[in-house]
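1. model this:
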Amino acid sequence: MSAALPGRMPPVQPLRPWRRAVLKVGSNLLAADGGGLTSRHAAALAGFVDASHAAGRQVVLVSSGAVAAGRALLREHAPAAGDLAARQALAALGQAPMIALWQSLSARPVAQVLLTHDDLRNRRRYLNARATLRGLLALCVLPVINENDTVAVDELKLGDNDNLAAIVAALVDADLLLIASDVDALYSADPRRDPQAAPIGRVESLTPAVLAMAGGSGSTVGTGGMRTKLEAAGKAAAAGIPTALFSGRDAAAVEALRHDRLRGTLIDAAATRMQARKYWLRHAPAATGRIVVDAGAARALAGGRASLLPGGVAAAQGEFQRGDLVEIADADGKAVARGLCQYAAGEVRRLAGRHSRDIEAVLGYTYGHEIVHRDDLVTLSTVDTAGGLEA
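-> Numbering: from 1, shown residues only. As a prediction, the model looks like this:
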């Protein structure tokens, strides 16, 4: 499915307000006709990112194109496309020019972050990646993420930077996943073969019938297709994040995004991002240990927007590891919250009652100022004005 055919332009629709988005850019938008990379389409997308930052929003970029860039550097010496080990080498070779392209187009510093799905499945590595990306965004840096293709064999076979982008969107608590490619929308059928194929403006749920509309990859450069985009949208939807599919080759479509309007397909989320995340934090199995907090911390947590700091911790009971989902209780043993703990039980015991600034002095290292960050925490109880806890 390529760009829109005459008379079959996708509808323009409003986008809900968003604070943070993940933008995935496909290889087709970066690969030059003669090989290597080009800014022809990337410049407009970089302009959208800069405009979003200027408006007080945050954007994380997931970019393909490293293999194409590496192949261009070797030119006639480039290995055959079907050789997996060679493709991994090309990916390593092409990372530098791919990052250089985005830096040349960005008004802000660019940081490269290489991830594999394993980094996001492992709790400790998940929290490390999350903390790094939060730190970069706080510094007004543009993170440019790619799969670590040199070691991610399974991911390279699947070519699923689309799916990686969905996982990253959940990782950074994004409000929106934007997928830019040479495809301007989801069509009811392949528009290259079916003259009756029509663009679909909105998908409320990814039913088998909707998935059946997806075709294979229409490119010799990229390794994904509409199917992987819908798979990614499904992952994002489960995390409460809507997905917007649009053509990065359509300057008008990119310009419309600056004004919160989408010319493409919007795939709804199953629930709001907060609802999906809070539901998971509330109901997922927790570690056997728990954190006990003082009355002041219990009241602060009940407000719904406070992180748990070392000073509010009274004790850590049982054992749990960094990244585990733990229960947080008051001095009477009543559960008041649950969250992903940044520190292991032994570390929490050493930090109990301390100031956040003392963490590094006590442990010799730090994973952040919070024991449990507010974005990783759900409140189970509220506190009345008298200071007592009520369900």
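2. dump the C-alpha coordinates for the strand or helix carrying N128 into PDB.
-> Here N128 sits within helix 123-138, counting by DSSP states H and E. Written as PDB, here are the backbone C-alpha positions of helix 123-138 (Å, rounded to 0.1, in the frame of the first residue of the first chain):
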ATOM      1  CA  ARG A 123      12.500  -5.400  34.900                       C
ATOM      2  CA  ARG A 124      15.900  -4.000  35.900                       C
ATOM      3  CA  ARG A 125      16.900  -3.100  32.300                       C
ATOM      4  CA  TYR A 126      13.400  -1.800  31.700                       C
ATOM      5  CA  LEU A 127      13.700   0.700  34.600                       C
ATOM      6  CA  ASN A 128      17.200   1.600  33.500                       C
ATOM      7  CA  ALA A 129      16.000   2.400  30.000                       C
ATOM      8  CA  ARG A 130      13.000   4.300  31.400                       C
ATOM      9  CA  ALA A 131      15.200   6.400  33.700                       C
ATOM     10  CA  THR A 132      17.600   7.200  30.900                       C
ATOM     11  CA  LEU A 133      14.800   8.400  28.600                       C
ATOM     12  CA  ARG A 134      13.200  10.400  31.300                       C
ATOM     13  CA  GLY A 135      16.600  12.100  31.900                       C
ATOM     14  CA  LEU A 136      17.100  12.900  28.300                       C
ATOM     15  CA  LEU A 137      13.600  14.400  27.900                       C
ATOM     16  CA  ALA A 138      14.200  16.500  31.100                       C
END
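3. got the contact list for S104?
-> Contacts here follow C-beta atoms under 8 Å, 6 or more residues apart in numbering; on that basis S104 touches S39. Where you see a C-beta, it was placed from the backbone N, CA and C, and this is true even at glycine.
4. that one sits in which helix or strand?
-> Judged by DSSP H and E, S104 forms part of helix 84-105.
5. coming back round to it: what's the spacing between the helix holding N128 and its chain's center?
-> 11 Å (C-alpha atoms, centre = their mean, to the nearest Å).
6. so what secondary structure elements neighbour that helix?
-> strand 58-63, strand 110-115, helix 117-121, strand 142-147, helix 161-171 (3 or more C-beta pairs under 8 Å, 6 or more residues apart in numbering; DSSP states H and E).
7. of all the ones you listed, which one is nearest A256?
-> A256 lies closest to strand 58-63 among the helices and strands packed on helix 123-138, at 16.0 Å (C-beta to C-beta).
8. so T243 bridges to which residues?
-> L177, I267 (DSSP bridges).
9. that one: how many residues sit nearby?
-> Using other C-beta atoms under 10 Å, the number of residues around T243 comes to 30.
10. now do T288
-> 13.
11. report pLDDT for it.
-> Predicted confidence (pLDDT) for T288: 85.
12. make residue 1 into 45 and carry on from there
-> Sure, I'll start numbering at 45, so the last one becomes T332.
13. what residues are up against it?
-> Contacts of T332 (C-beta under 8 Å, 6+ apart): G362, E363, F364.
14. pretty sure the first one sits against A389.
-> Spelled out, it's G362. Yes. Proximity of G362 to A389 meets the contact threshold set by C-beta atoms under 8 Å, at 6.6 Å.
15. residues near the residue lying closest to L289 once chain neighbours are set aside, how many?
-> Counting by C-beta to C-beta, 6 or more residues apart in numbering, L289 lies nearest to T309, which is 4.4 Å off, once chain neighbours are set aside. By the criterion of other C-beta under 10 Å, T309 has 27 neighbours.
16. that's a strand at T309, yeah?
-> Yes. Under DSSP: H, G, I helix; E, B strand; the rest coil, T309 falls within a strand.
17. list the residues that contact it.
-> P54, A229, L230, P243, I244, G245, R246, V247, A288, L289, F290 are the contacts of T309 under C-beta under 8 Å, 6+ apart.
18. list the beta-bridge partners for the fourth one.
-> According to DSSP bridges, Y231 are recorded as the beta-bridge partners of P243.
19. what pLDDT does it get?
-> 90.
20. which residues touch it?
-> Contacts of P243 by C-beta under 8 Å, 6+ apart are A48, R52, M53, P54, P55, D228, A229, L230, Y231, T309.
21. nearest to T160, of the contacts of T332?
-> F364 (25.2 Å).
22. neighbouring contacts of the helix holding N172?
-> 64, 102, 104, 155, 157, 159, 162-164, 186-187, 212, 215-216, 365-368, 384, 386, 411-412.
23. what touches both of G362 and A389?
-> Counting by C-beta under 8 Å, 6+ apart, the residues touching both G362 and A389 are G333.
24. number of nearby residues for G355?
-> 17.
25. just for the stretch 95-244 of the chain, where's the confidence low?
-> In the predicted model of the stretch 95-244 of the chain, residues 122, 124-127, 161-162, 165-166, 193-203 satisfy pLDDT under 70.
26. the more surrounded of G362 and A389?
-> A389 (22 against 12).
27. isn't P58 up against R305?
-> Yes. Contact criterion C-beta under 8 Å: P58 and R305 qualify, at 5.9 Å.
28. closest to L407 out of the helices and strands packed on helix 167-182?
-> Nearest of these to L407, taken as C-beta to C-beta: helix 161-165 at 23.1 Å.
29. what sits against the residue nearest to Y411 when sequence neighbours are not counted?
-> Of all residues not flanking Y411 in the chain, Q386 sits nearest, at 4.7 Å (C-beta to C-beta, 6+ apart). Contacts for Q386 (C-beta under 8 Å, 6+ apart) come out as L171, A175, R366, G367, Y411, G412, E414, I415, V416, H417.
30. list phi and psi for the nearest residue to the last one once chain neighbours are set aside.
-> Among residues not flanking H417 along the chain, S351 sits closest, at 5.1 Å (C-beta to C-beta, 6+ apart). Listed backbone geometry of S351 is phi -90, psi 160, with angles given as degrees, to the nearest 10.
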